[in-house]
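**Student:** Next come a sequence and a model predicted from it.
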Amino acid sequence: MEIFDYDNVLLLPRKCRVESRSECDAGVTLGGRSFRIPVVPANMKTVINEDICVWMAQNGYFYVMHRFDLDNLAFVKRMAAAGVYASISLGVKKADYDTVDRLVTEGLAPDYITIDIAHGHADTVQRMIGYLKDKLPSSFVIAGNVGTPEAIIDLENWGADATKVGIGPGKVCITRLKTGFGTGGWQLSALKWCARVATKPIIADGGIREHGDIAKSIRFGATMVMIGSMLAGLEESPGQTVEVDGRLFKEYYGSASDFNKGEYKHVEGKRILEPVKGSLKDTLREMEEDVQSAISYSGGTKLMDIRKVNYVILGGDNAGEHLLM
Ligand SMILES: NC(=O)C1=CN([C@@H]2O[C@H](COP(=O)(O)OP(=O)(O)OC[C@H]3O[C@@H](n4cnc5c(N)ncnc54)[C@H](OP(=O)(O)O)[C@@H]3O)[C@@H](O)[C@H]2O)C=CC1
Ligand SMILES: Nc1nc2c(ncn2[C@@H]2O[C@H](COP(=O)(O)O)[C@@H](O)[C@H]2O)c(=O)[nH]1
């Protein structure tokens, strides 16, 4: 198997078919809705909050609210009051089943539900998918995180409508150091490996460090990418602002860090500071422009045309050109 990652792959251009990059459509469909770009902010406390969810939904972007210290029912009601779709996260514990029961009792069906646990290839996830499909059949269920084809096949067979791929490639992740497991360092080739067997959308989660990594993820089989660190240092980002030597930073911590958990138990995440750099609106607009540009380099006019390009692997044992025949 070829092993590569975002920083040692480049996509190869094909003849341009547009006169302006504005002709290229960076939009994507997930769960019956269309979104402007294939990007969703990570469902983490220092990346997303309720105000950002409302703004993203109102402006044509996909979001997934986090699941920590949150009243999911109140959140779904707020989204309904704002007239926008609701997209929540759940775990697999009793409290999460209670949340589902309360949603059903109140007649609230979130449009999207992401089952979000560290090791998503698990019986606990199978049970939760089954419960959701029984109790909230209209909700689009995203399940993860996983990192192997066997896991993709199981989650899809268990009823997941989409899967999320990425075990440990995140910037605040220490899973591979603490456990020796994961897709950190080879996330892009793990995505390619998973996408070969997937019949439903994949969200590539973690490891995105540059806007060009969005196009690379699409090329290797993602329908969308989930981004944490690159969206944690924005003016609107919910992390605490910290000043160091006259420069402003936002804190960014892992959901499995002691900062999020409130105790040092099964810690697989750390806290870092991200430099404050611009607004969410401008960042998403620049991402859209960069994806449009990537589509034009692919010789296409729409997002999935990126899937058709060849690529090169730079350096290492797998180095070489890879042509689509
Ligand atoms: N993408 C990634 O690489 C990772 C992401 N995270 C994020 O951190 C947050 C917390 O995740 P998580 O701890 O799973 O959530 P929870 O604390 O809600 O745990 C979910 C359930 O899974 C069990 N569990 C957790 N890890 C494992 C494991 N490795 N093997 C078997 N069972 C496990 C837990 O039990 P118990 O605690 O008793 O073991 C618990 O019953 C999530 O948002 C998750 O996405 C965390 C680590 C890696
Ligand atoms: N191993 C851990 N992974 C985590 C933790 N908290 C979040 N995450 C994952 O990281 C991505 C974001 O990655 P980034 O490279 O864009 O910053 C996020 O969506 C989760 O999947 C954690 O504590 N440990």
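**Tutor:** In hand now; what should we look at? Ligands and ions are numbered 1, 2, ... in the order given.
**Student:** all helices for the stretch 151-300 of the chain, in order.
**Tutor:** With DSSP state H, counting those that start in this stretch, the ranges of helices along the stretch 151-300 of the chain come out as 175-179, 187-195, 212-219, 258-261, 280-297.
**Student:** and the shortest one, what does it pack onto?
**Tutor:** Right, helix 258-261. Here helix 258-261 touches strand 247-253, going by 3 or more Cβ pairs under 8 Å, 6 or more residues apart in numbering; DSSP states H and E. Where you see a C-beta, it was placed from the backbone N, CA and C, and this is true even at glycine.
**Student:** partners of the strand it packs on in the sheet?
**Tutor:** Using DSSP bridges, the strands paired with strand 247-253 are strand 241-244 (antiparallel), strand 271-275 (antiparallel).
**Student:** would CSV of those strands with mean pLDDT and mean neighbour count be doable?
**Tutor:** Compiled in CSV, those are given as follows (pLDDT from 0 to 100; neighbours: other Cβ atoms under 10 Å):
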stretch, mean pLDDT, mean neighbour count
strand 241-244, 96, 11
strand 271-275, 97, 17
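**Student:** How many residues are close by Asp317?
**Tutor:** 8 (other Cβ atoms under 10 Å).
**Student:** What are the neighbouring residues in contact with it?
**Tutor:** Ile3 (Cβ atoms under 8 Å, 6 or more residues apart in numbering).
**Student:** can you check the one 4 residues further on too?
**Tutor:** In this structure, Glu321 makes contact with Leu12, Asn310, Tyr311, Val312, judged by Cβ under 8 Å, 6+ apart.
**Student:** Which residue, other than its chain neighbours, is closest to whatever residue of the stretch 1-150 of the chain ends up closest to ligand 2?
**Tutor:** Nearest residue of the stretch 1-150 of the chain to ligand 2, counting by Cβ to the nearest ligand atom: Ala42, 3.4 Å away. Counting by Cβ to Cβ, 6 or more residues apart in numbering, Ala42 lies nearest to Gly228, which is 3.6 Å off, once chain neighbours are set aside.
**Student:** ditto for Glu251
**Tutor:** Gly239 (4.2 Å).
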